[in-house]
Every structure is written in structure tokens, then in C-alpha cells.
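Q: Please work out how this folds:
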Amino acid sequence: MIKPLRKAVLPVAGLGTRFLPATKAMPKEMLTVVDMPLIQYAVDEARAAGIEQFCMVTGRGKTALIDHFDIAFELEATLAERNKGEALQLLRSEAMPPGSISTVRQQVPLGLGHAIWCARTFIGDDPFAILLPDDLVLSKTPCMKQLADVYHETGGNVVAVTQVPREQTNRYGILKIGETHGNRVEVTGLVEKPAPADAPSDLSIIGRYVLLPEVITYLSQMERGAGNEVQLTDAMAKMIGHAPFHGLKFEGKRFDCGDKIGFLEAQIAFALARPEMADAVRGFLKNYVNA
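A: Numbering: from 1, shown residues only. Predicted coordinates for the structure are as follows:
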């Protein structure tokens, strides 16, 4: 029997040093794309996949992430008093049910695998999703919904993958692949940040995963990998052969919002996807692309 997918872990303990000074006093996950912070995009995407429980793996100075999903009584009262019904409804539509968000602290920066291990009590014996808010996906069907559909069909591990230039494989977790069925590939191996000459393919994992809880067993061994960190990729590799494992070439475009150029591109792409903004954005862009 395939267990329902109801839990998601969001690793948000990073310092966001590439966006200093903007992130000196504000979590990088609160940076906005158009009018919503990155953390809100991630949570909304997960909720569209049927996920109901969230665990944020945080660090010092990250309380704004929790406050964002709290009820702001004073703000709501002021909006109601001023007859700002549309803004009030927007706030209330994004409200989270009581008890749906929990947090754990990652006190030391030992990598993504260590961050997921920190959420082990929350995960328990259930399958769970992982969403990295730095990775933003613009798609017709929410990316996590696409992964959840594959999980519910196969009952196994699923990762979102995209092609990367061969010379950039040393930046990513790369798949070794078996049989291909449409946009789904069988994962037969995983390598963290291989040199281009050693990369088994050009398919890279992005920040969207659906994993079985057995991964915690391997993470608990605290083996250090690339960068002397506990790598999630290494733990996932040990699960291959024990349960179905697939990579999904998802529909949509991924933006690396941990990078300034990727973040700026996301601003434009998401603004152009908004019918009420698209014409105005195209209009002002002409003032710069022809300069």
C-alpha cells in the first residue's frame, strides 16, 4: 500500500551571503519575486500537491519566515477598517491551519543531508517532499504536483531533473540513468558534483524531491561527502535498488534564485506570466534591451 504524501521539509537555514547586504537582517527566503516571497511560492506549490504538514529547518535570524505565516491581527483589523477587502482576502487565503508548520534548528552548517536529518522526528515513518525555496519553477502544473503524481503511481523515490551544460556538472548532483519512459527516467546511480569527464549524464537534480523515510537511516551515519558535508545525494544513492527510484523531466522552467542573475530573470518571467502586468513589463523592457 502506498502511503499518502502529506509532509514536506523546507531547508531554510542558509545565510544567503550572495545577496548581502539585502540578507543581513532578512532571510533570503523572504526575498520577493514580483509580490510574493520565495518561501510562499514553495509552500503554495507543496499545498497544490496535497501536502498539509511543513517542517522548516531553520537557523539563527530566521524568525521572519514563521511570522510570515502567522495571523497578523493588527494588520487585518486595519485593512478591514479601511475597507481594503481585496488585500484582506489575499492575506486570509494564504493563512495556514493551526499546527501545520513546525520548525527545527540546524545549529551547524553541515550540508543539505544534515538539514534533512535534523527533521527526522517530523518525518517519522512517512514519505516526504523536500522543496528548496531557492529553486523556483514556473509551470502549468506545479512542479511538486508532478512529482507527487509519479510517487503515487510508483510508490518510490522521485527527483525533479533538468539538463545542464556538461561543463557545469561539477555544480550539481548528477544522475546515472537506465530505462526512459517519456519524461520519466530510471535512476541507477547518483554522483554529487562530478567532474565533466566523469559525469554519467547531463541530468541534474534540482531542489524538488519526494523521498521514502529510509533515507534517514543512511543520513544518520553522518558520512561526509563533497565539500566535507553530509550530502543528501550520497544517502539517496544507497537507496537505489531497494525501492523504485525515478527522475522526472518536469514540465516548466526552473530559476536559480540563489543567484542574482537567476533571481532577476525570475522576476521578469513571473511578471510576464501575470496578465495584468505583462503588457506594462514588455513596454518598459524595450527601454533597456534596445539601449
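Q: so where's the longest helix in this structure?
A: Using DSSP state H, we find that the single longest helix of the chain is helix 275-289.
Q: Strands of the stretch 151-291 of the chain, start to end?
A: For the stretch 151-291 of the chain, applying DSSP state E, counting those that start in this stretch gives strands covering 157-163, 173-181, 184-192, 203-211, 245-249, 253-256.
Q: Now do the buried residues in the second one.
A: Buried residues in strand 173-181, counting neighbours by 16 or more other CB atoms under 10 Å, are found at 173-177. C-beta coordinates here come from the backbone N, C-alpha and C atoms, glycine included.
Q: which other helices and strands contact the host helix or strand of A42?
A: Assigned by DSSP states H and E, A42 falls within helix 38-48. Contact here means 3 or more CB pairs under 8 Å, 6 or more residues apart in numbering; DSSP states H and E; on that basis helix 38-48 packs against strand 7-11, helix 63-68, strand 128-131, strand 135-138, helix 143-154.
Q: Comparing the ones you listed by mean pLDDT, which bottoms out?
A: Among the helices and strands packed on helix 38-48, helix 63-68 carries the lowest mean pLDDT, at a mean of 88.
Q: What's the first helix or strand after that one?
A: helix 73-81.
Q: next one: phi and psi at D202?
A: Backbone torsions of D202, given as degrees, to the nearest 10, read phi -110, psi 20.
Q: ok so, going back, let's see the longest helix of the chain as PDB, backbone CA atoms only.
A: Taking C-alpha atoms only, helix 275-289 is exported to PDB below (Å, rounded to 0.1, in the frame of the first residue of the first chain):
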ATOM      1  CA  PRO A 275      -1.900  39.000 -17.400                       C
ATOM      2  CA  GLU A 276      -2.400  42.300 -15.500                       C
ATOM      3  CA  MET A 277       1.300  43.100 -15.700                       C
ATOM      4  CA  ALA A 278       2.600  41.500 -18.900                       C
ATOM      5  CA  ASP A 279       2.000  44.400 -21.300                       C
ATOM      6  CA  ALA A 280       3.500  47.000 -19.000                       C
ATOM      7  CA  VAL A 281       6.500  44.900 -18.300                       C
ATOM      8  CA  ARG A 282       7.100  44.300 -22.000                       C
ATOM      9  CA  GLY A 283       6.700  48.000 -22.600                       C
ATOM     10  CA  PHE A 284       9.400  49.100 -20.100                       C
ATOM     11  CA  LEU A 285      11.800  46.300 -21.100                       C
ATOM     12  CA  LYS A 286      12.000  47.800 -24.500                       C
ATOM     13  CA  ASN A 287      13.700  50.800 -23.000                       C
ATOM     14  CA  TYR A 288      16.600  48.700 -21.800                       C
ATOM     15  CA  VAL A 289      17.100  45.800 -24.300                       C
END
